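Visitor: everything below, folded, please.
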Amino acid sequence: MSDPRFPKHFDGRRFYNPDAPQARAFSDVFRWKLTSRPEPSPGFISDVEQSVPPRCIEGSALQITLVNHSTVLVQQPGSNILTDPIWSQRASPVSWLGPKRRRKPGVRMDDLPDIDAVLISHNHYDHLDLPTLRRLAARGDSKFIVPARVASLLRLEKIGPAHEMDWGESLSLMGFTIHCVPALHFSSRKIYDRNKTLWCGYIIESQERLVYFAGDTAFGDHFSQVRNNFGAPDVALLPIGAYEPRWFMSPVHMAPEEAVQAHEILGAKTSIAIHHGTFQLADDGIDTPLRRLMACRRDDSFLILKNGQFAEIPGLVSTHAWLDVSLSRTTTDHPRQKESQHCSARSSDAGENSCCVLLTAPQSVLKGRLMANRYPHKFNRVTLRRLTTSVVNRCCTDLPMPCEFLYYG
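Guide: Residues are numbered from 1 along each chain as shown. Alright, predicted model coming up:
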């Protein structure tokens, strides 16, 4: 059953990009290759300084390491998550032909920490690399999360456990929740299987924050859909490469200027460029996407990392006012709120611009936390959907903003 938050994208046989251009036909592939003028790039670039990520993250910080291409290690307290992992020398079904690696991975696979979840955005060879997935599965204890109808390929290769997701579906794991969200792309591993499997992005929701992995995608309305349904992400991982020629690539890949637009539409506090610098998949040069992004980004909130480099996102710690909040149940005739909560607060050392609120709910509530200024009029989204909206709305009415809420059941 389709999720009403996102448009229909399956016709009974194949998936498609709703209300958007579709990927070019195979005949256009030949036209592109016959007229292609790829920008010259070095055969191999030896500028990667490999790093060793920590085994785990303490406190409430977030560390994001660009391994290569769209492979990103997302580390937060209690979890290590890997996106679209590829350590192979070629993004190809064979080892002797296809796009060849131009830079080495920024992290050796042997130096990876234990991986709790592997997120696969679609089945293209530069995003679903079976040799890499086999090695990760052999390490044990990883869950593989894939779009609809992709799990059968992993199970055939004895890679698992594999969990399939459609747009709008969610999977709760230990300490975090994965939400499957739309992307504009296509799928294919053979000549006759085009769009038989889904493509997607993911939201990683933890008690601390939201991380958005856009996967492989063109520019489109799905960025505003993500913002409207989940709020502004703390971190967005946005693709910037393989965009030339535009007549061929625009239905499936963003140009750097479009990635900047996506960053602004999402309202992301920080974005990190992915899908660049390792494999030359289109006519743009291996480092041209980075140069164009540097020229068009508005400020340093859109980060550019080299393979092996990482960004540390500070933890969400409130050092301002703490308020003890007691709740008592009342009733109301408000049409959208049959039951409401009355809130009284006692403040000490009140900060001028922010506060931290401890809510003790009258019913059992899952532990969670969320910055109140992320999307105050949509508290029933994401983490706060676990609470009655009335608790939050009533308790926020007279408190200074922004507030950090800590919920305990």
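Visitor: need the three-state assignment for residue 226.
Guide: Of the three states, residue 226 takes helix under DSSP: H, G, I helix; E, B strand; the rest coil.
Visitor: quick one: pLDDT of it?
Guide: Per-residue confidence at residue 226 stands at 97 (pLDDT).
Visitor: residue 277 touches residue 286, doesn't it?
Guide: Yes. The pair residue 277 / residue 286 is scored as a contact, 6.3 Å apart, by CB atoms under 8 Å. Glycine gets a C-beta too; all of them are placed from N, C-alpha and C.
Visitor: what's the overlap in contacts for the two?
Guide: A shared contact of residue 277 and residue 286, defined by CB atoms under 8 Å, 6 or more residues apart in numbering, is any residue touching both; here these are residue 102.
Visitor: that's a strand at residue 259, yeah?
Guide: No. Membership of residue 259 in a strand is not supported by three-state DSSP, which gives helix.
Visitor: how many neighbours does it have?
Guide: 31 (other CB atoms under 10 Å).
Visitor: picking up where we left off before, who has more neighbours, residue 277 and residue 286?
Guide: Shown here are residue 277 and residue 286; by other CB under 10 Å, residue 277 has more neighbours (26 against 21).
Visitor: and that one, what does it touch?
Guide: 68-69, 102-103, 241, 286-287, 289-290, 306-307.
Visitor: which phi and psi does it have?
Guide: Backbone torsions of residue 277, given as degrees, to the nearest 10, read phi 80, psi 0.
Visitor: break the protein down into its domains, please.
Guide: Taking automatic domain parsing as the criterion, the chain consists of the domains 39-313, 321-408.
Visitor: any idea of the pLDDT on the spatially closest residue to residue 218 that is not a sequence neighbour?
Guide: Residue nearest to residue 218 in three dimensions, not counting chain neighbours: residue 184, with 4.1 Å by CB to CB, 6 or more residues apart in numbering. Model confidence at residue 184, expressed as pLDDT, equals 98.
Visitor: could you list the low-pLDDT ranges of the chain?
Guide: Under the criterion of pLDDT under 70, the regions of the chain flagged as low confidence span 1-2, 208, 316-409.
Visitor: cutoff 50 now
Guide: Judged against pLDDT under 50, the low-scoring parts of the chain cover residues 1, 317-409.
Visitor: now the helices: where do they sit in it?
Guide: Counting by DSSP state H, the segments of the chain that form helices are 26-35, 130-139, 151-156, 222-230, 246-249, 256-266, 288-296, 389-396.
Visitor: which parts of the second one count as buried, going by neighbours?
Guide: Within helix 130-139, the residues that count as buried by 16 or more other CB atoms under 10 Å are 130, 132-133, 135-137.
Visitor: again, but for the longest one
Guide: Buried residues in helix 256-266, defined by neighbour count with 16+ other CB under 10 Å: 256-260, 262-263, 265-266.
Visitor: over to the shortest one?
Guide: Applying a neighbour-count criterion of 16+ other CB under 10 Å, the buried positions in helix 246-249 are 248-249.
Visitor: got a list of contacts for stretch 249-257?
Guide: Counting by CB under 8 Å, 6+ apart, stretch 249-257 makes contact with 17, 20-24, 184-186, 216-219, 238-243, 246, 262, 273, 275, 282, 289, 292-293, 296, all of which sit outside it.
Visitor: show me how far that stretch is from its chain's centre.
Guide: Computed by CA atoms, centre = their mean, to the nearest Å, the chain-centroid distance of stretch 249-257 equals 18 Å.
Visitor: need the distance between the two termini of it.
Guide: Its first and final residues considered, stretch 249-257 spans 14 Å by CA to CA, to the nearest Å.
Visitor: how about stretch 165-185?
Guide: Distance across stretch 165-185, first residue to last, is 16 Å (CA to CA).
Visitor: going forward, count from 32.
Guide: Got it, first residue is 32 now, which makes that one stretch 196-216.
Visitor: returning to what we had before: now render the domains of the chain as a markdown table, adding distance to residue 42.
Guide: Supplementary listing: these in a markdown table, determined by distance: least, CB to CB, whole Å:
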| stretch | distance to residue 42 |
| --- | --- |
| domain 70-344 | 9 |
| domain 352-439 | 29 |
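Visitor: residue 61: which of these is closest?
Guide: Using CB to CB as the measure, domain 70-344 is the one of the domains of the chain that comes nearest residue 61, at 11.1 Å.
Visitor: how far away from the center of its chain is the closest one?
Guide: Using CA atoms, centre = their mean, the distance between the centre of domain 70-344 and that of its chain works out at 8 Å.
Visitor: what about the residue nearest to residue 67 when sequence neighbours are not counted, how many neighbours?
Guide: If the residues on either side of it in the chain are set aside, residue 67 comes closest to residue 314, at 5.8 Å by CB to CB, 6+ apart. Residue crowding around residue 314 was assessed by other CB under 10 Å; the count is 19.
Visitor: just residue 328 next, same as before
Guide: Burial of residue 328 is recorded as 19 neighbouring residues (other CB under 10 Å).
Visitor: I appreciate the help and will end here.
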